[in-house]
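*Asks:* Model the structure of this input:
(chains A and B)
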2 protein chains.
Amino acid sequence: MKRISLIPWLLVFTASSLLAADTVEQWGVYEIALRGPTNGNPFLDVKFSARFTQGTKAVEANGFYDGDGSYRVRFMPEKQGEWRYVTASSSAELNGKSGRFAVVNPSRQNHGLVRVADTYHFTYADGTPYKELGTTCYVWQLQPEALQEQTLKTLASSPFNKIRFCVFPKRYTWNTNEPIMYPFAGNPATTNWDFTQFNVKYFQHLEQRVADLQKLGIEADIILFHPYDEGHWGFDRMPADVDDRYLHYVVARLAAYRNVWWSLANEWDFMKEKKESDFVRFGEIVAHDDPYHHLLSIHNGQKIFNHTLPWITHASIQNGAAVEEVGRAEMYRDVYRKPVVYDEVKYEGDIANRWGQLSAEELVFRFWNATVAGTYCGHGETYKSDDQILWWSKGGVLKGQSPARLAFLKKVLDDSPAEGIEPIDRWQRPEIGGQPGKYYLIYLGKQTPTNWDFQIPKPPLGKLQSADGMKFTVEVLDTWNMTVTPVPGEFTLKKKDGYAYTDMNGQNVPLPGKPYMAIRIKRAKE
Amino acid sequence: MKRISLIPWLLVFTASSLLAADTVEQWGVYEIALRGPTNGNPFLDVKFSARFTQGTKAVEANGFYDGDGSYRVRFMPEKQGEWRYVTASSSAELNGKSGRFAVVNPSRQNHGLVRVADTYHFTYADGTPYKELGTTCYVWQLQPEALQEQTLKTLASSPFNKIRFCVFPKRYTWNTNEPIMYPFAGNPATTNWDFTQFNVKYFQHLEQRVADLQKLGIEADIILFHPYDEGHWGFDRMPADVDDRYLHYVVARLAAYRNVWWSLANEWDFMKEKKESDFVRFGEIVAHDDPYHHLLSIHNGQKIFNHTLPWITHASIQNGAAVEEVGRAEMYRDVYRKPVVYDEVKYEGDIANRWGQLSAEELVFRFWNATVAGTYCGHGETYKSDDQILWWSKGGVLKGQSPARLAFLKKVLDDSPAEGIEPIDRWQRPEIGGQPGKYYLIYLGKQTPTNWDFQIPKPPLGKLQSADGMKFTVEVLDTWNMTVTPVPGEFTLKKKDGYAYTDMNGQNVPLPGKPYMAIRIKRAKE
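*Replies:* Alright, predicted model coming up:
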């Protein structure tokens, strides 16, 4: 029976001339490129999309015009096996084209796109945990080529697995150079743009940089709008129909790249020409157009967006104060019931603005507060330099002392439970994160104790009457000096009261009296 | 002209037999009482309502059956002058009855109902500021009569202007006595209730207590559902149609009392037989039925409700940790853009539960943190006593040391700007609240400094180039010892940098090196 049913399938397969090249890896980009009309304005006049199917599963993806008569539609297959497609278009040349292709095993570094997991955390689609540790270089990809390459090189040896950057050019202090290209046809000198004509080279370049980041295993947190234009080019105050067309275009081009995250805006509330309701519309457009539902959020200036809206996957928050104190860091989790990513907590640097003069110690401290609170944090760097290249905006090289410590934190995160670090005794002992009964990470911040009273909040007991007798190992982590020092022996739980357990032998944890210490407690193998 | 127009109005007025008694003060309760059918089950069978009109303004109010053939509909007029009404009913006896009445000036203690003002604060309808300072006695009105009277007497001399209490009886540690009455007909011994028959005496009594509180100037924050039943009586797990009928009934009875606030639940998430969506339905029912849109919220256990929902007027939050540190207290304001009332921050007391063993100092500290963060706080007291009367649940007398200090805080609040205390340099200096350029309240909490660097965040300048030369007076407040000590002379602003001003003569504020100090800074009269 099996062989008989196989043969007709193979015949069909061959009949449609499926080439060896017509394979793509799972979560890779499958692209259909067709020639189409060049008359009129293809950006406005031609509708083009494709429907990809595997059995009863169907995915609709919008296509886009890529200039010179070239039309493309891209697809990121989330399932292996054979897929078929058929195109649809207002142009006869592009309509009804069909084909099939095979989706094969992902390559070793390809874990798929990042999704929300366990309410407050992230995972790659293949189940590999993703512990967010991001940085920001707002317009690195719009700097001169050599600087872009340097940025990629720096990122390659950094601990960062996400980078925030803008589609549109940025104009701001330390950042008044013009970009290498512009997103629309027109005259840069007069900023007289033809908003009906995308500059396809601009978006091809953007895609290339997203692909470059993907090779490095770095997520591209793409900022779709931002206020750092203030009418200079006017990309912050385009008409509503242009905004919407731009969003449709960017999503059509980029959604098939698995490492894309959408950030509707940086400091949305500082865009004085837009209303809050505009961003709701933007979010709905992106959520509607993106067939894969990449992570989608929006970043605030002073006014936090309503992250309870259903299409927002995680709360992307600027609030440095929220991670200055460990008890604050957790609070947004409760209200949003989504992952919280502090995408701006002020920057390590030495500029006069109070958002850009954190010490490295302070920035690393904030990351650790965020971590034990079950949230994620973002890095930025604003050291003055003669060449006016501040990492925060342009990339280049990292000058600060925090990245090495964040690499140490990353090792700690990689060693932490796959399901994420959770508040352990919420609203009571915010300095303790972990997974109850398995793993605890306690961060002591700026305190300089010489001893930590070994005390574990009551773990979930399941069928047990008591956690008495559970054994744990303890390590002392110096988060600044990047050392891990095991405490000899084991700690054995003994009930203290209805809330906590101590060690049955009365052992505590000796500490060196220095700041920035953490304690890591793991369930001992029985 | 005036006299001529007056005469026909008076004639009409007289023609409809408006009696002298047919007047009610603005925001008072106007009640229409009619005799109606007693056959069948009037609670289920009879629809009864009235439409009240003044010119083009119309208010629909549901009526209710009050037993013994008595039907009532109540109305709280929000505007003075003549109002008319006409009833509507499924019963001919109650249908189409019309009348008119005069709404006169409110009496001196009547400021109308409390509304949200300036996004984060409250005001009475007549414009008098309302600075919330609440307490909790969950089932005080279901205790023996003498104890209820004692509670009212205690409240009369307390600083509290809101009290949270439950409609349904409560069963919990220190609170296992049966209530004086039950809300439904049935057999208490077997808890076999007839959910189709309200016990009207129960609700008449509830109303009386709401009216008693009104006389004391205290808002009644009425908790409509709570989990402290756990099936003992079963009021926490009634069928959905009973829940809904109960809500319609309570709102019909109580909405005309101006001092009512609705709290959909205490610890909603601890009601294991209800889903989150049930509370959304409850909120929609109350918001729909209440013609006056009294303040409406819902209080959490571990899971904070989605206070962004449009019918929620303010965020009623249980989270003691949120007011343990001044920077935390402000954070919910940003996400809800509504007033934040910390309706449970743990209690002053000495019981073994960690939610009931705060020192008075700690509870007062939490109130002050909430205050300078631009939020409001709730009191509770759990001192053990032989008679098992803990204020938190049953009322009685206050035994703690916090109420006197909260009375001191109340005086500070009454003296503070009508528009409320706002964060002054949000996410930067959370210890400073006030109104920029006018009034600052700085709370130093557990710090024990001997000096405060006089430094005011940059006020809004309007047309001014600088705030240089603005003059302020300074007072030192000992919030525990309840003293106010003026600092001699004045402080004159001089720009420090882009963020702050200091005193032009380099004056600072001497402090006594004690905890719980506050500094009050007011603009000097020029």
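*Asks:* Return the residues of the stretch 201-350 of chain A in contact with chain B.
*Replies:* A:302-304, A:306-308, A:319-322, A:324-325, A:327-328, A:331-332, A:334-336 (CB under 8 Å from any CB of the partner chain). No exception for glycine: its C-beta is placed from N, CA and C like everyone else's.
*Asks:* Measure how buried the closest residue to chain B within the stretch 151-300 of chain A is and give me the count.
*Replies:* Nearest residue of the stretch 151-300 of chain A to chain B (CB to the nearest CB) works out as A:N300 at 8.6 Å. Counted with other CB atoms under 10 Å in any protein chain shown, residues neighbouring A:N300 total 22.
*Asks:* My reading is that it lies in a strand. Confirm?
*Replies:* No - applying DSSP: H, G, I helix; E, B strand; the rest coil, one finds A:N300 to be coil, outside a strand.
*Asks:* Surely it and A:Q318 touch.
*Replies:* Yes - between A:N300 and A:Q318 there is a contact under CB atoms under 8 Å: 5.4 Å.
*Asks:* what touches both of these two?
*Replies:* Common neighbours of A:N300 and A:Q318 (criterion: CB atoms under 8 Å, 6 or more residues apart in numbering or on different chains): A:E267.
*Asks:* Distance of A:T136 relative to chain B?
*Replies:* 18 Å (CB to the nearest CB, to the nearest Å).
*Asks:* Quick one: residues contacting that residue.
*Replies:* A:I163, A:R164, A:F165, A:D343, A:E344, A:G378, A:H379, A:G380, A:W392.
*Asks:* So what pairs up with it in the strands?
*Replies:* Applying DSSP bridges to A:T136 yields these beta-bridge partners: A:R164.
*Asks:* Show me where the stretch 151-300 of chain A has its helices.
*Replies:* A:200-215, A:240-254, A:276-289 (DSSP state H, counting those that start in this stretch).
*Asks:* chain center to the first one: distance?
*Replies:* Remark: helix A:200-215 is offset 16 Å from the chain centroid, using CA atoms, centre = their mean, to the nearest Å.
*Asks:* What of the second one?
*Replies:* Per CA atoms, centre = their mean, the displacement of helix A:240-254 from the mean C-alpha position of its chain is 20 Å.
*Asks:* pLDDT on that helix, on average?
*Replies:* Across helix A:240-254, pLDDT averages out at 98.
*Asks:* The longest one too?
*Replies:* For helix A:200-215, mean pLDDT rounds to 98.
*Asks:* same deal with the last one?
*Replies:* Predicted confidence along helix A:276-289 averages 98 (mean pLDDT).
*Asks:* What backbone torsions are found at the closest residue to A:G433 other than its chain neighbours?
*Replies:* Excluding its sequence neighbours, the residue lying closest to A:G433 (CB to CB, 6 or more residues apart in numbering or on different chains) is A:V372, at 3.6 Å. Phi and psi for A:V372, reported as degrees, to the nearest 10, are phi -70, psi -20.
*Asks:* quick one: secondary structure of A:V364?
*Replies:* A:V364 - assigned by three-state DSSP - is helix.
*Asks:* Look up how far A:V323 lies from it.
*Replies:* 11 Å (CB to CB, to the nearest Å).
*Asks:* Quick check: which element contains the closest residue in space to A:P459 that isn't next to it in sequence?
*Replies:* Excluding its sequence neighbours, the residue lying closest to A:P459 (CB to CB, 6+ apart) is A:G437, at 3.6 Å. Counting by DSSP states H and E, there is no helix or strand that carries A:G437.
*Asks:* For chain A, give me the ranges with low pLDDT.
*Replies:* A:1-21 (pLDDT under 70).
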